[in-house]
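Participant: dropping a prediction and its sequence here:
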Amino acid sequence: MELANTLRQDGESRGGVLAHLERLETQVSKSRKKLEEPQNAQALEARIHELKRLRDKLRAEVKQRQARVKASTANVEPDQILEISEQEILERKQENMKAILQAYRFTGISGKLTSRGVCVCISTAFEGNLLDSYFVDLVMEKPLWIHHHSVPVFIPLEEISAKYLQTNTRHFLFVLWEYLNAYSGRKYQADRLQSDFAAFLVGPLQRNSLCNLLSFTYKVKPEGQSFPFCARLLYKDLTTTLPTDVTVTSQGTEALPSTWEEQRAAHENLFFTKPLHQVKGNIALSAPMTKVMGFQKNLSRLSGQGPFHLTRTTDKQVFRVKSTASRF
Amino acid sequence: MKVKSQREVAQSCLTPAAPWTAAHQAPPSMGFSSAKEMDETLAEFFRRTILKIPMTEMMTILKTWNFLSENQLQTVNFRQRKESIVQDLVLLCEENHASLNDAAHLDIIYTQFHRHQKIWDVFQMSKAPGDDIDLFDMEQFKSSFKKILQRALKNVTVSFRDAEENSVWIRIAWGTQYKKPNQYKPAYVVYYSQTPYAFTSSSRLKSNLPLLGQALTVASKHHQIVKMDLRSRYLDSLKAIVFKQYNQSFETHNCTTSLQEGSLGLDINMDSRIIHENKVEKERVQRVTQEIFGDYPQPRLEFAQYKLETKFKSDLNGGILAEREEPLRCLVKFSSPHLLEALKSLAPAGIADAPLSPLLTCIPNKGKNYFKIRDK
């Protein structure tokens, strides 16, 4: 109190204002407290009541719903089991379809729809061996066009598409398949010849990109002396796997003895009719021919007649002797 | 001993760019030494060719060449200085009576290993319509090609080496009527049989180009040859472009061949509090880029050049240039270590709008990286 008095005495205005402010402040806080306390308590209590009510209501609702769900599931259960099995069936069907779509490539021409058209897959095969697949991505627009492809550059794709793509797309695909299949077949034969019959080949096998000109020198027997033959096969028809022109010549400059001449002619025939690697197989089998030829020579020497022609039956076991002389 | 001293003389005499002088006549072998004396210039050519080969590739290249046997190679000490190794190797070549043809083969092999050191042009040949089926005989092609060149130019060295996929690398050393072929500036041609394309290394001797074109056309049974506006160091990329082999991703039922999930570069595991403002636009740019450039690795080119000859177009009326009748000549050149990948990344990086100008995106499709743009 003394301090307050001194304060008031010191600066009437200062002490007066400050003290006044203080008094006002304390008044306000007191009144506020009085107001808040009951209000707070009341508000809180009311709130608590409300929340309790809400909670009870929700609990009751939850219980109701649970009861309802239990009732409904009891009824629905057998349906759900059916649904599961239907789903399994559908999944199995889908897998089946996918497998069929994948297996379509064995037909040679298959495809898959894309966002802009279709991607055609051309699968090639030869003698039951599945070979390379080639793709053509077509865009389905008014003039049909090829977006990109994996056809080798030496296959005349531009020519074929210029002729058929717009007018008869099916035929276009078929012709392309023919070319690619024949190319794959020729390539397969040439590869097999190089790998499986390397022992019979003298020197490298000459080939070109389309495998439509093959040139090689081969021996009838892998070892020992024998006249090597030069074979030159031309495949002028690009849609076939058998040659259109075959020339088998002897490597040396001297004339071939007649027996070898026959063999040469026989080989030519074989090349015309059979796939390359099968021809080589046949030639390998005909190696014992030399014994036959020895027999032939002896026959003609002894009898003073000749020449004799020997023909083999298909099982290569029996020989029939035929003489050109009139006496026999 | 005699051989060595001659070679020493040769080394001191020959200047680096010396044209070939009259061939040194080797004396007939007396039967004493098995090694016939090799022509000085030929020995020098061997030395320089082998010297070019980096040591890391030496064994591989020599084995590919297959001229020196295993035993002979084992006698060489590969730990010496390179000069000495090269000297030993040249000696071995002399022992084996190596010819110019063998040296040319070695040169071809070196170039095959270092094909990026040359700049390659592409030529396109065409047949007359209604021509027969192409029964390409490699031996016939080689002999025909050689004959045509030798008939026109007496002094020319032509060598061949068969390569993968039924292709052939041809090395041509040009001479003139009076000068022997210059073995140090050969031209190379790579030709894949039964295709209309040939790749040639840009030779500095441009005057022989028409003759080369004619020889190629006639030997491969075509009618016409035209130089394409396509040039690059990367031979394999050029091949991929003209053979249309650069896009090999196809949709099939079996397995999607080399299709990749388009990753937007937006991590799924990112904090969910971070939102990409331009997500829609980014996705659009990615989609457009993928449609144009595909998911495959782009072929490699180093530049694209656009020659503009167009009249100046201006929005503003008037101005000096707008009244100009003649076209403006302007050259724009884009260079990059890998041009097409750089172009592909322009739009996703935000540097350019997607889709890019078709002048840029048509490069592999049209097989061109030199363009002339005129007013329509």
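Facilitator: The structure has been received and is ready for your questions.

Participant: so which helix or strand takes in A:H148?
Facilitator: strand A:145-149 (DSSP states H and E).

Participant: do that strand and chain B meet?
Facilitator: Yes: using CB under 8 Å from any CB of the partner chain, strand A:145-149 reaches chain B at A:148-149. Using the backbone N, CA and C atoms, a C-beta is placed for each residue, glycine as well.

Participant: list the helices and strands that strand packs on?
Facilitator: Under the contact criterion of 3 or more CB pairs under 8 Å, 6 or more residues apart in numbering or on different chains; DSSP states H and E, strand A:145-149 touches strand A:129-139, helix A:157-164.

Participant: pull up the pairing partners for it, direction included.
Facilitator: Strand A:145-149 has its sheet partners listed here by DSSP bridges as strand A:129-139 (antiparallel).

Participant: quick one: the strands in chain B?
Facilitator: B:120-126, B:156-163, B:167-174, B:187-192, B:197-201, B:224-232, B:303-310, B:328-335, B:370-374 (DSSP state E).

Participant: give me the buried positions along the last one.
Facilitator: Within strand B:370-374, the residues that count as buried by 16 or more other CB atoms under 10 Å in any protein chain shown are B:F371.

Participant: mind showing which ranges of chain B have poor pLDDT?
Facilitator: In the predicted model, chain B carries pLDDT under 70 at residues B:1-37, B:205, B:255-270, B:316-323.

Participant: show me which residues of it sit near chain A.
Facilitator: B:133-139, B:165-166, B:192-195, B:197, B:242-245, B:247-248, B:250-254.

Participant: which of those residues are buried?
Facilitator: B:133-138, B:166, B:192-195, B:197, B:242-245, B:247-248, B:250-253.

Participant: among those residues, which ones are in helices?
Facilitator: Residues of those located in helices (DSSP state H): B:138, B:242.

Participant: helices or strands next to the helix or strand containing A:E25 in the packing?
Facilitator: Under the criterion of DSSP H and E, A:E25 resides in helix A:12-103. If you count contacts as 3+ CB pairs under 8 Å, 6+ apart, helix A:12-103 packs onto helix A:2-10.

Participant: run the last query once more with 10 Å
Facilitator: Helix A:12-103 sits against helix A:2-10, strand A:109-113, with contacts defined as 3 or more CB pairs under 10 Å, 6 or more residues apart in numbering or on different chains; DSSP states H and E.

Participant: mean pLDDT lowest for which of those?
Facilitator: Lowest mean pLDDT within these: helix A:2-10, at a mean of 52.

Participant: what's the residue lying farthest from the centre of chain B in contact with, if anything?
Facilitator: Most distant from the centre of chain B: B:R273, at 53.1 Å, with distances by CA atoms, centre = their mean. B:R273 makes no contacts at all, as judged by CB atoms under 10 Å, 6 or more residues apart in numbering or on different chains.

Participant: what residues are up against the residue nearest the centre of chain A?
Facilitator: Residue closest to the mean C-alpha point of chain A, counted by CA atoms, centre = their mean, is A:S133 at 7.3 Å. Residues in contact with A:S133 (CB under 10 Å, 6+ apart) are A:105, A:108, A:110, A:121-124, A:150, A:180, A:184, B:250, B:252, B:254, B:257.

Participant: pull out the buried members of those residues.
Facilitator: Buried, going by 16+ other CB under 10 Å: A:105, A:108, A:110, A:121-124, A:150, A:180, A:184, B:250, B:252, out of the contacts of A:S133.

Participant: in JSON lines: those, plus distance to B:A304.
Facilitator: Below are the buried ones among the contacts of A:S133 laid out as JSON lines (distance: CB to CB, whole Å):
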{"residue": "A:R105", "distance to B:A304": "39"}
{"residue": "A:G108", "distance to B:A304": "41"}
{"residue": "A:S110", "distance to B:A304": "39"}
{"residue": "A:C121", "distance to B:A304": "34"}
{"residue": "A:I122", "distance to B:A304": "34"}
{"residue": "A:S123", "distance to B:A304": "38"}
{"residue": "A:T124", "distance to B:A304": "38"}
{"residue": "A:S150", "distance to B:A304": "26"}
{"residue": "A:L180", "distance to B:A304": "34"}
{"residue": "A:S184", "distance to B:A304": "37"}
{"residue": "B:F250", "distance to B:A304": "28"}
{"residue": "B:T252", "distance to B:A304": "34"}
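
Participant: list the contacts for B:H105?
Facilitator: B:64-67, B:98-99, B:159-161, B:169, B:171 are the contacts of B:H105 under CB under 10 Å, 6+ apart.

Participant: closest one of these to A:F271?
Facilitator: Nearest to A:F271 out of the contacts of B:H105 is B:F160 (CB to CB; 28.3 Å).

Participant: how near is that closest one to B:V190?
Facilitator: 11 Å (CB to CB, to the nearest Å).

Participant: shared neighbours, the two?
Facilitator: In contact with both B:F160 and B:V190: B:168-170, using CB under 10 Å, 6+ apart.

Participant: so what's the residue nearest to the centre of chain A bridging to?
Facilitator: Assigned bridge partners for A:S133, using DSSP bridges, are A:S123.

Participant: what residues does the stretch 151-300 of chain A put near chain B?
Facilitator: Neighbours of chain B within the stretch 151-300 of chain A, by CB under 10 Å from any CB of the partner chain: A:151-157, A:159, A:204, A:206-213, A:215, A:232, A:234-238, A:244-245.

Participant: switch to 6 Å and redo it
Facilitator: Contact residues, the stretch 151-300 of chain A versus chain B (CB under 6 Å from any CB of the partner chain): A:153-154, A:208-210, A:213, A:234, A:236.

Participant: need the residues you listed in JSON lines with secondary structure, pLDDT and neighbour count, can you?
Facilitator: Shown next, in JSON lines, are these (DSSP: H, G, I helix; E, B strand; the rest coil; pLDDT from 0 to 100; neighbours: other CB atoms under 10 Å in any protein chain shown):
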{"residue": "A:V153", "secondary structure": "coil", "pLDDT": "92", "neighbour count": "17"}
{"residue": "A:F154", "secondary structure": "coil", "pLDDT": "92", "neighbour count": "22"}
{"residue": "A:N208", "secondary structure": "coil", "pLDDT": "90", "neighbour count": "21"}
{"residue": "A:S209", "secondary structure": "coil", "pLDDT": "92", "neighbour count": "21"}
{"residue": "A:L210", "secondary structure": "coil", "pLDDT": "92", "neighbour count": "24"}
{"residue": "A:L213", "secondary structure": "strand", "pLDDT": "92", "neighbour count": "24"}
{"residue": "A:L234", "secondary structure": "strand", "pLDDT": "91", "neighbour count": "17"}
{"residue": "A:K236", "secondary structure": "coil", "pLDDT": "90", "neighbour count": "13"}
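
Participant: returning to what we had before: and of the shared contacts of B:F160 and B:V190, the nearest to chain A?
Facilitator: B:V168 (10.6 Å; CB to the nearest CB).

Participant: what's across from the closest one in the sheet?
Facilitator: Applying DSSP bridges, one finds that B:V168 bridges with B:D162, B:Y191.

Participant: and it, how close does it get to A:Q194?
Facilitator: 18 Å.

Participant: B:R233: which of the contacts of A:S133 is nearest?
Facilitator: Once CB to CB is applied, the member of the contacts of A:S133 that ends up nearest B:R233 is A:S150, at 25.8 Å.
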